[in-house]
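Asks: Sequence first, then the predicted structure:
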Protein chains: 2
Amino acid sequence: MSRFFHLEKTCPQTKARAGTLNTPHGSVPTPVFLPVGSQGTVKTLTPDELRSLGVNMLLSNTYHLYLRPGIEIIRKLGGLHRFMSWDGPILTDSGGFQVFSLGHLRRVNDDGVLFRSHIDGSEHFLTPELATELQEQLGADIIMVLDECPPYGEDIANIKRATERSHLWAERCKRKHGRKRQALFGIVHGGTFPELRRQSADFMTSLGFPGYAIGGLSLGEPKEVMHEMLDETVSLLPEDKPRYLMGVGSPEDLVECVARGVDIFDSALPTRLGRNGAVFTKSRRYNISNARFKEREGPLDSDCDCYTCRTFSAAYLHHLFKAQELLAYRLATIHNVRFIMRLMEQIRRSIFDDTFSEFKDSFIGNYQPTDADTRSEQKRKWLRARQGKYRINELD
Amino acid sequence: MSRFFHLEKTCPQTKARAGTLNTPHGSVPTPVFLPVGSQGTVKTLTPDELRSLGVNMLLSNTYHLYLRPGIEIIRKLGGLHRFMSWDGPILTDSGGFQVFSLGHLRRVNDDGVLFRSHIDGSEHFLTPELATELQEQLGADIIMVLDECPPYGEDIANIKRATERSHLWAERCKRKHGRKRQALFGIVHGGTFPELRRQSADFMTSLGFPGYAIGGLSLGEPKEVMHEMLDETVSLLPEDKPRYLMGVGSPEDLVECVARGVDIFDSALPTRLGRNGAVFTKSRRYNISNARFKEREGPLDSDCDCYTCRTFSAAYLHHLFKAQELLAYRLATIHNVRFIMRLMEQIRRSIFDDTFSEFKDSFIGNYQPTDADTRSEQKRKWLRARQGKYRINELD
């Protein structure tokens, strides 16, 4: 049997790596980006379309599926792959991040976390054991330990307490985990505190997982801080295990974080932006609803090979967004997902060609990111919209 | 050059006919159903998908495209086919029905109709000449004369006045019509009054059009009344010209009206129902949001060959509708459009096989239509929602 992760190539100038993940539903070339299908669907797209866009692996959310339609229904219907008719690999998160960002009235102690559904207000208690069991029932190829996810900006005492609790929970998940065909990943926490990051990386690697996620980043902290934390963490993780940076998906972040040694990414950003009319190009992202595209004859992005760009004018997309036509959201999603998948393909090829470092410099040099203030403001707004007011009440 | 309409076969027991329409964008087997793409898109679907569902021809709405994005923009971008990237035949309506059902504050006289946009309240004056010119600029294969469209239930004096005005307008459209590659259809009116229907059919055929529409039906009148009016009208129309019943699209109506000699249909019903979770089967339509489908393993319709039914369980569709996922609307639309296209294929085949009469009896015998009261109530609600309060103010 082939190893779960096969490291094939490392970049001589950066920490970028190319490899292959071998899962029960097929192998996945890395670095890889996972589109997000929270409710068992990548919004607007069919499984066939995802394949044709070059998608190899998806992420789905245990929290969402647990609340609706319920894990038991999916299990009865043959598991998540069959339910959503996707026969490629799937990664499920544990529900931790969603409980702490979407759930209401959460109270947490070492046993687990009590929360109310954001859908109907019903009360639920999530433990490490339950999170593991739910993910085993869903049947994803990679599953995650339950973790406590405080927001950016908490003080060191709170982050320390949450990190230590995440350690306890990781141990319990590992103990509970029975279906060994599913790879259970540990998650390194520690917020933006280097010493906590180091402690967490040491603890997680001492438990021994087939892969390691880096949690608690991309939550509104400055980019330099994210990069610093990534450097601290990745240097302590074993070379032969894949590293997964949760919640990162902007083009420039993907390039920068591959260079820092990350193999796996997921984010709802490309699909969410697409539904809002914001589309990627290699120089920047722009909004197609802007009046200047009203009569634009060319495609969204003249460098793009996606169905949308091969078939329709920017003016048509502009019209569909103005008219709030459902096809608009789908066509822009197709473009953004294809843009990101093509970027990952270019990154991987350049690692094999020993040209990743030039590729990175050239990409970052040409790409005008949305400015830092706008970005963090957008991120904060999005997180606030999800959270209401963030609050953790200690139980007892 | 082949004739515009070639009548190939008539049913010995009923008035059903099979033929071919030859248009600048290809030929279309009849009887044919046209899905509706009001704003230059059949909601949720791409042109590729429409083709794969067996769609040969689309309808689009001059009124909608005139208000947004504007006919001039579409003309500049190469016409409607290129704008929406559909290279098959298109029929555009004149805007008449939409002005009278969607526009506000309409005032009408023999010159034309003054209305306010339902989008931004801007004022517009639509004349027969302008309606013809706009449709020529869009470049559809079949275009329609401008007609006054009173609702069901008006008294005979009002219907007579509107019908006579529609006659004047039809003449003016014919006179204005320059691009002879586009087939301009006349529209027979007369409401539910047999003598007015006969007068209108006589008048329209005396003008001589390459095809004739039957307007002013399927507006909430009882089915028997619609059938009677159809019989009155069709018997006066020339055998060698296609007949188009506007706004009809339920399975049982399609079968019944083919039997009464209609060749062309359009309706937003299959797509609109789909977006509301109502799906067709050969025995009835049902709503997938109903709790009894929560764990249903089989497809929406076990007799169906569409992508949705070949790929997903009813339980998955139920979940997508409950979660208000955009993919839900698309998958149900795919099913309903494919259901109707397959029905039209079966009808046509049975006409050639001399088995249409049995097919009709068997279909109608097995199909449980939504009951008459519910149907007319739904229709009235839908029309009311579009119209606000119906009102025609005579100008001067």
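Replies: Perfect, thanks for sending it. Residues are numbered from 1 along each chain as shown, chains lettered A, B, ... in the order given.
Asks: Show me which residues of the stretch 251-396 of chain A sit near chain B.
Replies: A:294-295, A:297, A:307, A:311-313, A:315-316, A:318-320, A:322-323, A:325-327, A:329-331 (Cβ under 8 Å from any Cβ of the partner chain). C-beta coordinates here come from the backbone N, C-alpha and C atoms, glycine included.
Asks: swap the cut-off to 7 Å and go again
Replies: A:294-295, A:297, A:311-313, A:315-316, A:319-320, A:322-323, A:325-327, A:329 (Cβ under 7 Å from any Cβ of the partner chain).
Asks: Just the buried ones from the residues you listed?
Replies: Neighbour counting with 16 or more other Cβ atoms under 10 Å in any protein chain shown marks A:295, A:311-313, A:315-316, A:319-320, A:322-323, A:325-327, A:329 as buried within these.
Asks: In the stretch 51-200 of chain A, which residue sits closest to chain B?
Replies: The minimum distance from the stretch 51-200 of chain A to chain B, using Cβ to the nearest Cβ, falls at A:Pro69 (4.4 Å).
Asks: Can you name the helix or strand that the spatially closest residue to that residue that is not a sequence neighbour falls in?
Replies: Distances taken as Cβ to Cβ, 6 or more residues apart in numbering or on different chains place B:His319 nearest to A:Pro69, at 4.4 Å, with adjacent residues excluded. Secondary structure from DSSP states H and E places B:His319 in helix B:314-322.
Asks: from the chain's centre, how far out does that helix sit?
Replies: Averaging C-alpha positions (Cα atoms, centre = their mean, to the nearest Å) puts helix B:314-322 29 Å from its chain's average.
Asks: do stretch A:322-337 as well
Replies: Chain-centre distance of stretch A:322-337: 21 Å, with Cα atoms, centre = their mean.
Asks: Same check on stretch A:71-83?
Replies: 22 Å.
Asks: quick one, helices of the stretch 51-200 of chain A?
Replies: For the stretch 51-200 of chain A, the helices defined by DSSP state H, counting those that start in this stretch cover A:62-67, A:71-76, A:80-84, A:96-101, A:128-138, A:156-176, A:194-207.
Asks: so which of those helices is the most packed in?
Replies: helix A:62-67 (a mean of 25; mean count of other Cβ atoms under 10 Å in any protein chain shown).
Asks: That helix packs against which elements?
Replies: helix A:96-101, helix A:128-138 (3 or more Cβ pairs under 7 Å, 6 or more residues apart in numbering or on different chains; DSSP states H and E).
Asks: would you list the ones you listed in TSV and tack on mean pLDDT and distance to B:Val108?
Replies: As requested, those are exported to TSV (pLDDT from 0 to 100; distance: least, Cβ to Cβ, whole Å):
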stretch	mean pLDDT	distance to B:Val108
helix A:96-101	90	56
helix A:128-138	98	61
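Asks: Rebuild these as CSV, extending it with distance to chain B.
Replies: Listed next are the helices and strands packed on helix A:62-67 as CSV, based on distance: least, Cβ to the nearest Cβ, whole Å:
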stretch, distance to chain B
helix A:96-101, 14
helix A:128-138, 14
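Asks: ok, what's across the strand from the residue nearest the centre of chain A?
Replies: Of all residues in chain A, the one closest to the mean position by Cα atoms, centre = their mean is A:Asp266, 2.1 Å from it. A:Asp266 has these beta-bridge partners by DSSP bridges: A:Leu34, A:Met246.
Asks: Quick check: it touching A:Gly37?
Replies: No: using Cβ atoms under 7 Å, A:Asp266 is not in contact with A:Gly37; the gap is 10.1 Å.
Asks: Quick check: longest helix in chain A by residues?
Replies: Longest helix of chain A, by residue count under DSSP state H: helix A:326-352.
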